[in-house]
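Enquirer: sequence-free structure coming up:
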C-alpha cells in the first residue's frame, strides 16, 4: 500500500508540474503577444503624431483626384458615438474629401443624422447625396447615410423590376427562350430603382469587425477596404496615412 500511495503521489506531482509548465508557457506566449501589440500600438501612435504634425513631408500633399467617393463603415455599437463621427467628418472636410457615405448595419447613423449635421453646422454646410449621386465639383461635402436595410430593400425592388420585365417579354413573344439575368441586368435594375449609387474608391472600417458589415456588395466591386480599428481610438494621422496609401496604389482592372 505504501508503494502504491507513493506512486500515486508521484503521479499527482508530475501532473501538477505538467499543468504548471503549460500555464507558464501560455503566460509567456500571452505576455509576448500582448507586448508585441502594445509596442505596435505605440509605434502607430508615434507615426500618427508625426504625420498629423507635418513632420513627415511625404504625407502633406494628397492626390485626392483618385478619391472621388469615400465610404465609412462604423460598427453598430460605436455608431452611437455621434461626437466621434462628427469629428471624423470634420477631419475629412479639412482634408478635402467631397463625397462621403456613412454606413452602419442597424441604421444608427441614419437615425442620428440630425444630431450629426447639427454638430457639423459650424464647420460647413452638409447636404445628402441626391438620387442620381452625381459627383459634382462643389465647395461643401456631400453626405449619404446608408444601412443594411437599404440594401435588402434595393435588391427586392430590383428583383421585382426584373421579374416584371420578364413577364412582359414572355407575354409579347411566346416563342422567346427563357431569359438569363446577368450582373449588368441587376446593375441596371438597381439604378432604375434609384439604389445603384456610385462605387466608393476607398472604404474605411471603424470597429472590431474586419469586414464591410453588409455594405451593398454591388457597390464595392473595385473598392479598396482598410480596417482602421476602434472609432474611440481613431487618429488624424492614421486617416491621412490610409488615404495617402490608397492614392499611391496603382489599381489594375481586368477586361
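Expert: Yep, it's here. Only a predicted model underlies this, so the values are computations on that prediction, with no experimental measurement involved.
Enquirer: residue 234: which element?
Expert: For residue 234, there is no enclosing helix or strand under DSSP states H and E.
Enquirer: count of neighbours near it?
Expert: 20 (other CB atoms under 10 Å). (C-beta placed from N, C-alpha, C; glycine too.)
Enquirer: from what I see, it and residue 85 are in contact.
Expert: No: using CB atoms under 8 Å, residue 234 is not in contact with residue 85, being 9.8 Å away.
Enquirer: what touches both of the two?
Expert: Overlap of the contact sets of residue 234 and residue 85 (by CB atoms under 8 Å, 6 or more residues apart in numbering) is empty.
Enquirer: and the residue nearest the centre of the protein?
Expert: With distances taken as CA atoms, centre = their mean, the residue of the chain nearest its centroid is residue 205 (2.8 Å).
Enquirer: which helix or strand contains it?
Expert: strand 202-206.
Enquirer: right, and the helix or strand after that strand?
Expert: The helix or strand immediately downstream of strand 202-206 is strand 224-229, counting by DSSP H and E.
Enquirer: what lies in contact with that next one?
Expert: In this structure, residues lying in contact with strand 224-229 by CB under 8 Å, 6+ apart are 201-206, 210, 212, 234, 238-239, 242, 245-246, 249, 251.
Enquirer: could you check the angle the next helix or strand after it makes with strand 224-229?
Expert: Using DSSP H and E, the next helix or strand after strand 224-229 towards the C-terminus is helix 236-248. On the basis of axes from the mean of the first three to the mean of the last three CA atoms, to 10 degrees, helix 236-248 is oriented at 170 degrees to strand 224-229.
Enquirer: and stretch 77-90, what's buried?
Expert: Within stretch 77-90, the residues scored as buried using 16 or more other CB atoms under 10 Å are 78, 79, 80, 81, 82, 84, 85, 86, 87, 88, 89, 90.
Enquirer: and which of these is nearest residue 36?
Expert: residue 78 (24.9 Å; CB to CB).
Enquirer: name the nearest residue to that closest one, ignoring sequence neighbours.
Expert: Nearest non-adjacent residue to residue 78, counting by CB to CB, 6 or more residues apart in numbering: residue 231, 4.2 Å away.
Enquirer: what's the answer for residue 64, then?
Expert: Per CB to CB, 6+ apart, closest to residue 64 is residue 96, 5.3 Å.
Enquirer: isn't that neighbour up against residue 62?
Expert: Yes: contact criterion CB under 8 Å: residue 96 and residue 62 qualify, at 7.4 Å.
Enquirer: so those two - more neighbours on which side?
Expert: Legend: neighbour count by other CB under 10 Å for residue 96 and residue 62, higher for residue 62 (17 against 11).
Enquirer: ramachandran angles for that one?
Expert: Backbone geometry at residue 62, expressed as degrees, to the nearest 10, gives phi -100, psi 130.
Enquirer: number of nearby residues for residue 14?
Expert: Neighbours of residue 14 under the rule other CB under 10 Å: 10.
Enquirer: and the pLDDT for it?
Expert: Reading off the confidence values, residue 14 has pLDDT 81.
Enquirer: next one: it from residue 53, what distance?
Expert: Distance from residue 14 to residue 53, counting by CB to CB, to the nearest Å: 58 Å.
Enquirer: residue 36 too?
Expert: In terms of CB to CB, residue 36 sits 26 Å off from residue 53.
Enquirer: ok, now residue 84?
Expert: Counting by CB to CB, the gap from residue 84 to residue 53 is 21 Å.
Enquirer: could you do residue 33 as well?
Expert: Distance, residue 33 to residue 53, by CB to CB: 30 Å.
Enquirer: helices along this structure, start to end?
Expert: Taking DSSP state H as the criterion, the chain carries its helices at 2-52, 82-95, 108-111, 113-120, 148-172, 183-192, 236-248.
Enquirer: worst mean pLDDT among those helices?
Expert: Among these, helix 183-192 scores lowest, at a mean of 60.
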